[in-house]
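In: Dropping the sequence and predicted coords here.
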Amino acid sequence: MAGFFITVEGIEGSGKTTIAERLEAWLRSRGHTTFLAREPGGTAVGEALRKLILDARHPLCVESELLLIEAARAQLMDEVVLPRLDQGQTVILDRHIDSTTAYQGYGRGLDLDWIARLNHFATRGRRPDRTLLLDVDAAVGLSRARGRNLDVPYADRFETEERAFMERVRQGFLTLARQDPARVHAVDASRDVDAVWGEVREDIQNTLPN
Ligand code: Z5A
């Protein structure tokens, strides 16, 4: 019996973790055997790589960043995701291949074809059955993630650059949703959590096989 593979995507502060946790609890309450992990991460190797990737003390060149993210993903697919899907489980990932296209591709400007090939290589071609894209404006996402209001007239240069980067990433995600509407469902995540969750639950209810 084949399992079901759900990914939750979006910029920082879009509410991915909040929604992924609600989704897992809801699916469990309906009798699904579930597995939830974040990317990069989800395995011992992946969590060690995550520390390297996110450690600002040792800045990575963009090529290294991409390859380390894909290495963590390959490990997660091999060790956990593919075996659990084979067992018929429901797997939820908080970020996956679309984050790489959006951040490393649209955000950092790396070649989109290379990223597509690396995504395919690391996942062995197993694509998510459903992707929920939580879409919010860059300023809203960043202010939620940082716990502060960035909509101030005295935002400094770094904040302006950060917002411009995050806006490119957001537009990348929206482009992916337009290119693959059968898989990617974009949700307006600027609303309150319960409204976002209601739409996500309905979407998954309609998408899950019986
Ligand atoms: N990265 C990458 O570059 N390429 C890749 O391929 C992958 C990752 C896989 C780590 O991601 C970094 O890795 C990330 C991209 C890069 N860095 N950046 N940018 P992460 O997922 O671990 O970190 P994150 O995206 O920055 O997580 P986050 O800031 O925690 O965002 P979130 O999970 O989307 O949101 P949340 O934790 O559910 O909510 C954040 C806050 O907002 C919290 O206080 C909530 O209570 C609140 N919240 C949530 N929803 C709402 C609504 N609807 N209204 C109001 N407030 C809300």
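Out: The structure has been received and is ready for your questions. Numbering: from 1, shown residues only.

In: Write out the residues of the chain neighbouring the ligand.
Out: Counting by Cβ under 6 Å from any ligand atom, the chain comes close to the ligand at 10, 12-18, 38-40, 69, 94-95, 99-100, 103-104, 144-145, 189, 192-193, 196. From N, CA and C alone the C-beta is placed, and that goes for glycine too.

In: Tell me which of these fall in helices.
Out: The members of the residues of the chain next to the ligand that map onto helices under DSSP state H are Lys16, Thr17, Thr18, Ile69, Ser99, Arg144, Ala145, Val193, Val196.

In: Show me the residue of the chain that gets nearest to the ligand, please.
Out: Gly15 (2.9 Å; Cβ to the nearest ligand atom).

In: Tell me the spacing between that residue and Glu9.
Out: Using Cβ to Cβ, to the nearest Å, one obtains 11 Å as the distance from Gly15 to Glu9.

In: Check Asp203 too.
Out: 14 Å.

In: More neighbours: which of the two?
Out: Legend: neighbour count by other Cβ atoms under 10 Å for Asp203 and Glu9, higher for Glu9 (27 against 15).

In: distance between the ends of stretch 103-114?
Out: 14 Å (Cα to Cα, to the nearest Å).

In: Please spell out which residues along stretch 203-210 are buried.
Out: Ile204 (16 or more other Cβ atoms under 10 Å).

In: how far is it from where the chain is centred?
Out: Put simply, stretch 203-210 sits 20 Å off its chain's centre (Cα atoms, centre = their mean, to the nearest Å).

In: Just the buried subset of the residues of the chain next to the ligand, please.
Out: Judged by 16+ other Cβ under 10 Å, buried ones among those: 10, 12-16, 18, 38-40, 69, 94-95, 99-100, 103-104, 144, 189, 196.

In: sorry, back to before: now for Asp203 and Glu9: what residues contact both?
Out: Leu132 (Cβ atoms under 8 Å, 6 or more residues apart in numbering).

In: Who are the contact partners of Ser190?
Out: Asp135, Val136, Asp137, Val140.

In: can you do 6 Å?
Out: Val136, Val140 (Cβ atoms under 6 Å, 6 or more residues apart in numbering).

In: Distance to Glu161 and pLDDT added to the ones in helices among the residues of the chain next to the ligand, as JSON lines?
Out: Compiled in JSON lines, these are given as follows (distance: Cβ to Cβ, whole Å; pLDDT from 0 to 100):
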{"residue": "Lys16", "distance to Glu161": "23", "pLDDT": "98"}
{"residue": "Thr17", "distance to Glu161": "25", "pLDDT": "97"}
{"residue": "Thr18", "distance to Glu161": "27", "pLDDT": "98"}
{"residue": "Ile69", "distance to Glu161": "21", "pLDDT": "98"}
{"residue": "Ser99", "distance to Glu161": "20", "pLDDT": "98"}
{"residue": "Arg144", "distance to Glu161": "19", "pLDDT": "92"}
{"residue": "Ala145", "distance to Glu161": "16", "pLDDT": "87"}
{"residue": "Val193", "distance to Glu161": "29", "pLDDT": "98"}
{"residue": "Val196", "distance to Glu161": "28", "pLDDT": "98"}
